[in-house]
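A.B. asks: After the sequence you'll find the predicted model.
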Amino acid sequence: MRSPQPGAPDIPAMGLTKPPARGSDTGNRAVEVHSRDARLSRGFSGTNLERAGDYNLRTVLQAIRCHGETTRIALANQTGLTPPTIANITGRLSEMGMIRTAGRLHRGRGQPALRIEICPDGAFAIGLTIDRDHLAIAILDLSGTVRARATREIAFPSPDDVTAFIHDTFEPALAEGQVDRSRVIGVGIAMPDGVDRSLPNQTRGYDAWVGVDPEALLAPLLPWPIHRDNDAAAAALGEAQYDHDFDCPSFFYLLITAGLGGGLVVDRTYHRGAHRRSGEIGLMPDPTAKRPGAIVQDTVSLAGLQVRLAAAGYTLDSPETLGEQDDPMLCAVLDRWIVDSIAALTQPFVAVTTLFDPDAILIGGRLPIWLLDRLARGLDQALAEIELPVRPAIRPARRAHDAPAIGAAMLPFMDQLLPSDSILVQAGRG
C-alpha cells in the first residue's frame with residue numbers, strides 16, 4: 001500500500017473526522033446523513049463573508065481539482081481572492097496532504113510560477129450502490145479517479161446480501177486501489193426510493209428492507225460518516241461534479257435500472273421538490289401501452305426488458321453484455337423494446353423540455369452504450385418531429401454505467417471538501 005503523505009497532519013484540520021480504530025465500538029457513533037439541500041457549486045468565486053474561510057478553502061481545492069494543474073496567480077484570477085489569501089489557503093492544503101507542488105512554470109521573464117496540482121491520495125471516498133438487480137462498490141480518490149470497483153449480479157438483494165457483499169469485496173478493493181484507510185473521509189450509499197414498490201419477478205424476501213435503516217446496517221462494517229441519496233440523484237450529482245469538463249449546468253438525468261428514475265439539475269443545483277421526490281418519471285402514466293394503469297417504467301426499465309426477454313426464452317444475466325452475440329431473435333426483442341421505449345418516453349421528454357428547458361437530457365444505466373445511444377438518437381428524432389420552442393441535446397451520460405456508485409462516492413467529498421452554497425449560508429449565519 002502507499003504510505004501516507006510524509007508529514008501530513010490529520011485530516012480533521014478541515015472539519016473532517018478520522019475513522020475509529022478497527023475493532024472499536026461504533027455502536028454509539030452518530031451516523032451522518034448527507035443533507036439533500038446542499039447546492040453544488042462549480043463556480044470558483046471566493047467570498048469575503050466573515051467566517052467563510054472554510055468555503056474559500058473548499059473553493060480553491062475545487063479549482064485545483066478541476067484544472068488538474070495551476071498556479072497561485074491563476075487561482076487568484078479564477079476565485080477573486082487576494083494573492084495573500086491564496087498563498088495561505090494553498091499552504092494549508094499542502095500541509096493537509098491535499099495538494100502538492102509540481103515544479104515551476106517557465107514562461108517569459110521573472111520568477112517562474114510555482115505549479116500546483118491535486119494529490120490524489122489526499123482523500124478517498126467509498127460509493128455503494130444497492131439496487132434491485134445488483135450491488136456495486138467504487139472507491140474514488142481526490143482527483144476523481146476510480147481506484148477500485150466491484151459488482152455482484154443479484155436479484156433483489158436482502159440486507160444480509162449487502163453485508164455479505166461488503167465482507168467479500170471491501171478489503172480486496174482497498175488493496176487493489178492502494179487506499180490508505182486513514183485518508184478515507186466517508187461512505188456514500190445510492191439506492192432507489194420506494195424499495196417496497198413491487199417490480200416484475202420481485203422475490204418475497206425483498207420486503208426484508210421494510211423498516212431497515214441502511215446507515216445503521218452498514219455502520220459497523222464501514223466505520224466512517226455515511227451519506228445516502230437515491231440512485232438517480234447520485235447519478236446526476238456524479239455526472240455534474242465528477243466530470244471536470246462538463247458543460248451542461250442544467251440537465252435531466254434518466255437512469256434506467258431495474259426501475260426507472262430521473263434527476264433534475266438546474267444551474268448545477270439538484271432540484272428535489274417539496275416532498276423530495278422529484279424526477280419520478282418512471283411513475284408517469286404511459287398511454288402508449290394501451291392498457292389500464294400502465295406506467296412508463298413498465299416498459300423503460302431492466303425489469304420490463306427482462307419480461308420481454310424471458311417471454312422469448314432468454315435470460316438477462318448481465319445487462320452490459322446484451323447484443324454481443326449475433327442472434328436475430330434477440331435483436332428483434334431489443335429492437336421492439338427500443339421502439340416501445342421511445343414511444344413511452346416521448347411525451348415525458350416533451351414535458352421535461354417545455355417545463356425546465358434543460359441544456360441536455362442524459363441517459364444512463366447498465367445497458368450497453370450502443371443500446372443507450374440508439375435510444376438517445378431515437379428520442380432525439382422523435383422530439384425533432386414535434387414543434388417545440390427549444391430542443392435539448394439527448395445523449396448517453398458520460399458515466400452511464402458507474403454513475404450511481406461514483407455519485408455516491410462524491411457525497412462525502414461534497415459534504416466535507418468541495419464547495420456548496422449551503423456551507424456559505426451557514427458561515428453567514430454565525
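C.D. replies: On my side now, so go ahead.

A.B. asks: which stretches of the protein aren't confidently modelled?
C.D. replies: 1-52, 103-112, 194-205, 241-246, 324-325, 400, 420-430 (pLDDT under 70).

A.B. asks: Show me the helices in the stretch 1-150 of the chain, by range?
C.D. replies: Under the criterion DSSP state H, counting those that start in this stretch, the stretch 1-150 of the chain contains helices at 53-67, 72-79, 83-95.

A.B. asks: Also the stretch 301-430 of the chain?
C.D. replies: Going by DSSP H, counting those that start in this stretch, the stretch 301-430 of the chain shows helices at 302-311, 328-356, 369-384, 403-416, 421-429.

A.B. asks: With mean neighbour count added, can I get those helices in CSV?
C.D. replies: Using the backbone N, CA and C atoms, a C-beta is placed for each residue, glycine as well. Output for these, formatted as CSV (neighbours: other C-beta atoms under 10 Å):
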stretch, mean neighbour count
helix 302-311, 19
helix 328-356, 17
helix 369-384, 17
helix 403-416, 29
helix 421-429, 15
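
A.B. asks: quick one on the thing from earlier: Asp229 is nearest to which of the helices of the stretch 1-150 of the chain?
C.D. replies: Across these, Asp229 has its closest neighbour in helix 53-67 (19.5 Å, C-beta to C-beta).

A.B. asks: List the buried residues of that closest one.
C.D. replies: 53, 55-67 (16 or more other C-beta atoms under 10 Å).

A.B. asks: closest one to Leu388 among the helices of the stretch 1-150 of the chain?
C.D. replies: Closest to Leu388 of these, according to C-beta to C-beta: helix 53-67, at 33.0 Å.

A.B. asks: Run the chain-centre distance for that closest one.
C.D. replies: Distance, stretch centre to chain centre, for helix 53-67: 20 Å (C-alpha atoms, centre = their mean, to the nearest Å).

A.B. asks: Repeat that for stretch 344-364.
C.D. replies: 20 Å.

A.B. asks: now the closest residue to Glu69 other than its chain neighbours: how far from Val60?
C.D. replies: Of all residues not flanking Glu69 in the chain, Glu117 sits nearest, at 4.6 Å (C-beta to C-beta, 6 or more residues apart in numbering). Distance, Glu117 to Val60, by C-beta to C-beta, to the nearest Å: 13 Å.

A.B. asks: same question, Pro396
C.D. replies: 33 Å.

A.B. asks: and what of Ala87?
C.D. replies: Taking C-beta to C-beta, one finds Ala87 at 11 Å from Val60.

A.B. asks: Okay, angle between the strand or helix carrying Phe252 and helix 328-356 too, please.
C.D. replies: Using DSSP states H and E, the element containing Phe252 is strand 251-256. Comparing the axes of strand 251-256 and helix 328-356 via axes from the mean of the first three to the mean of the last three C-alpha atoms, to 10 degrees yields an angle of 150 degrees.

A.B. asks: thinking again about what came up before, of all the helices of the stretch 1-150 of the chain, which lies closest to Val184?
C.D. replies: Here helix 53-67 is closest among those (C-beta to C-beta), at 17.2 Å.
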